[in-house]
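**Student:** Any chance you can model this:
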Amino acid sequence: MATYTYETIPQTEGEAPKRFEIKQSMRDTALTSHPETGVPVRRVITGGAGLMGVGQTAPVSSGGGHCGTGCGCH
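**Tutor:** Numbers count the residues shown, from 1 in each chain. Predicted coordinates:
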């Protein structure tokens with residue numbers, strides 16, 4: 001089960017969206033309404049843990065420094 005972040009879609013001008021998380025299977029379709037209130041919602045794309053499998057490497061920055069951060073170190 002994955003945890004997804006959703007936010008309400010404001011229905012009036014000036015209304016702020018409200019975020020919530022819900023556990024769903026990756027096979028489940030995205031919610032279109034809040035499960036308790038029925039208010040329209042959209043899924044929010046957030047950063048993940050960035051898990052990598054064995055044998056994969058992270059991309060290296062070409063920032064200019066030896067450490068790959070672009071700090072200019074030698």
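**Student:** Would you map the helices across this protein?
**Tutor:** In the chain, no helices are defined using DSSP state H.
**Student:** Quick one: mean pLDDT over stretch 20-28.
**Tutor:** The average pLDDT within stretch 20-28 is 95.
**Student:** Determine how far the last residue of that stretch lies from the first.
**Tutor:** 17 Å (CA to CA, to the nearest Å).
**Student:** and it, which residues are buried?
**Tutor:** 22, 24 (16 or more other CB atoms under 10 Å). No exception for glycine: its C-beta is placed from N, CA and C like everyone else's.
**Student:** Retrieve the pLDDT associated with residue 43.
**Tutor:** 97.
**Student:** Next: residue 72.
**Tutor:** 60.
**Student:** and if you look at residue 63?
**Tutor:** 55.
**Student:** wait, residue 4 sits on residue 20?
**Tutor:** No: the criterion here is CB atoms under 8 Å, and residue 4 misses it with residue 20 at 9.6 Å.
**Student:** For burial, what's the neighbour tally of residue 43?
**Tutor:** Look at residue 43: counted by other CB atoms under 10 Å, it has 14 neighbours.
**Student:** how close does the closest residue to it other than its chain neighbours sit to residue 19?
**Tutor:** Closest residue in space to residue 43, ignoring its immediate chain neighbours: residue 30 at 4.7 Å, by CB to CB, 6 or more residues apart in numbering. Per CB to CB, to the nearest Å, residue 30 is found 15 Å from residue 19.
**Student:** again with residue 7
**Tutor:** From residue 7 to residue 19 the distance is 5 Å (CB to CB).
**Student:** Looking at those two, which is more packed in?
**Tutor:** More crowded of residue 7 and residue 19, by other CB under 10 Å: residue 7, with 15 against 12.
**Student:** Identify the bridge partners of the more buried one.
**Tutor:** residue 19, residue 42 (DSSP bridges).
**Student:** how near is it to residue 54?
**Tutor:** 36 Å.
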